[in-house]
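> How does the following fold in three dimensions:
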Amino acid sequence: MVRHFLDLSDFTTDQLRALLDAGSAIKARRRTPAADADKSLGGKVVAMIFDQPSLRTRASFEVGIHELGGTPMFVTGREIQLGERESVADTARVFSRYVDGIMIRMLDHEQLREFAEYATVPVINGLTKTSHPCQVMADIMTFEEHRGPLHKRKIAWTGDTNNVLTSWVHAAGRFDFDLHIATPEELQPPAHLLNWARENGAKLTLTRRPEEAAEGADCVITDCWVSMGDTEGNRHNLLRPYQVDEALMKRADKRAVFMHCLPASRGEEVTDEVMDGAQSVVYDEAENRLHAQKAILAWCFGQVQA
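Okay, the predicted model is just below:
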């Protein structure tokens, strides 16, 4: 059976924990003689399809594939015009004849699912408008490096409802922590996501007040106010009260960490003082994309059991 990595909601708690443990082990061995044991791609070619641009996703996957002994192949959305020149299904079938695995970064989540349905090689979700599972795996790894197990902790999200938040909701349904979400009413999580959370035991608390979400939190997370595929509209006016500044961080636990998937619009969703402050772990998050994704790649090719 082909192993795809499309959403955290597709996996059990034990499976995700095994991936996190594998990522931590791979990180510990990096740049040591023991790293030779991690050449799990063994000459395989992995296509990286980018319908949307990225710094961290491209760099982390390209380096990760190389360090695992594989060959990355960069392809832009303009080159293949996914779903335009030919059907998504046909593109998936053709690519599967050339390469051993595929990572896709695109907006349309249903197209990603369709692509994976027809691909005969592993497909990894590098980001869609709906979810960003690789990012949240790196986030969880980073939190646990700094604060220990995520179990029973309070995680605060302030700002827009976007793909990263969706994957955090999925994580809440698997790792038994409390996720407090502060959003404007106009940008609150959609009903289908809240229904999924209820059905899967995710502990969510919704509020309009970021101060309430951040109170005593072990981690405060935000993201840019205008995500890929969004129109700006009235977002800045709606989200300005949700900025993470030093006053908001003081409401969190004194050992709380601040997270942002980057790139950050400094002075909008977060201040320089928080981004550059002692509680910020944003660059650890960025690095851990590499290690978490190497574990995901290794799992896709059967080298990690989960």
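> report the longest helix in the chain, please.
Taking DSSP state H as the criterion, the chain has its longest helix at helix 282-300.
> That helix: which residues count as buried?
Buried residues in helix 282-300, counted by 16 or more other Cβ atoms under 10 Å: 282, 284-300. For every residue, glycine as well, the C-beta is placed using N, CA and C.
> do stretch 140-157 as well
Buried residues in stretch 140-157, counted by 16+ other Cβ under 10 Å: 140-144, 147, 150, 153-157.
> What of stretch 132-139?
132-139.
> Keep only those of those residues that are in helices.
The helices in this structure, assigned by DSSP H, contain 133-139 from those.
> Throw those residues into a markdown table and include distance to residue 274 and pLDDT, thanks.
Formatted as a markdown table, the entries for those read as follows, by distance: Cβ to Cβ, whole Å; pLDDT from 0 to 100:
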| residue | distance to residue 274 | pLDDT |
| --- | --- | --- |
| 133 | 25 | 98 |
| 134 | 24 | 98 |
| 135 | 19 | 98 |
| 136 | 20 | 98 |
| 137 | 23 | 98 |
| 138 | 19 | 98 |
| 139 | 16 | 98 |
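> List just the nearest of those residues to residue 172.
Lowest distance from residue 172 to these (Cβ to Cβ) belongs to residue 136, with 10.1 Å.
> Once you drop chain neighbours, what's closest to the closest one?
Closest residue to residue 136 apart from its sequence neighbours, by Cβ to Cβ, 6 or more residues apart in numbering: residue 167 at 4.0 Å.
> For the longest helix of the chain, what does the pLDDT average out to?
When pLDDT is averaged along helix 282-300, the result is 98.
> cool, stretch 78-98 as well?
The predicted confidence, averaged over stretch 78-98, sits at 88.
> And for that stretch, what's in contact with it?
Applying Cβ atoms under 8 Å, 6 or more residues apart in numbering, the contact partners of stretch 78-98 are 45, 47, 49, 51, 102, 106, 108, 111, 114-121, 123.
> hmm, try it at 6 Å
47, 102, 111, 114-115, 118-121 (Cβ atoms under 6 Å, 6 or more residues apart in numbering).
> Now do the buried residues in the helix or strand of the chain with the lowest mean pLDDT.
The element with the least model confidence among the helices and strands of the chain, by mean pLDDT, DSSP states H and E, is helix 77-80, at a mean of 80. Burial within helix 77-80, assessed by neighbour count using 16+ other Cβ under 10 Å, is assigned to 77, 80.
> Do you have the helices of the stretch 151-300 of the chain handy? List them.
In the stretch 151-300 of the chain, the helices defined using DSSP state H, counting those that start in this stretch lie at 163-175, 191-199, 210-214, 235-239, 246-251, 272-275, 282-300.
> outside of the shortest one, which residues touch it?
This points to helix 272-275. Outside helix 272-275, the residues within contact range by Cβ under 6 Å, 6+ apart are 244, 246, 249, 258, 266.
> just to revisit the earlier point, identify all contacting residues around the longest helix of the chain.
Under the criterion Cβ under 6 Å, 6+ apart, external residues in contact with helix 282-300 comprise 3, 5, 19, 22-23, 26-27, 40, 56, 60-61, 64, 68, 101, 122, 134, 137-139, 141-142, 259-260, 262, 304, 306.
> In helices only, show me those.
Among these, the members falling in helices (DSSP H) are 19, 22-23, 26-27, 56, 60-61, 64, 134, 137-139, 141-142.
> separation between the spatially most central residue of the chain and residue 19?
By Cα atoms, centre = their mean, the chain has its centre lying nearest to residue 135, at 2.0 Å. Shown here: residue 135 relative to residue 19, a distance of 14 Å by Cβ to Cβ, to the nearest Å.
> Only whichever of the contacts of stretch 78-98 are buried, select them in ChimeraX.
Typed into ChimeraX, the next command selects the buried ones out of the contacts of stretch 78-98 (criterion: 16+ other Cβ under 10 Å):
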select :47,102,111,114,115,118,119,121
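> Please flag which of the contacts of stretch 78-98 sit within strands.
47, 102 (DSSP state E).
> So which of the contacts of stretch 78-98 is the closest to residue 74?
With Cβ to Cβ as the yardstick, the closest approach to residue 74 among those comes from residue 47, at 8.2 Å.
> In contact with that closest one: list those residues for me.
Taking Cβ under 6 Å, 6+ apart as the criterion, residue 47 is in contact with 73, 75, 95, 99, 102.
> again, only this time at 8 Å
Residue 47 makes contact with 72-73, 75, 95, 98-99, 101-103, according to Cβ under 8 Å, 6+ apart.
> Give me the buried subset of those.
Those of the contacts of residue 47 that meet the buried threshold are 72-73, 75, 95, 99, 101-103, by 16+ other Cβ under 10 Å.
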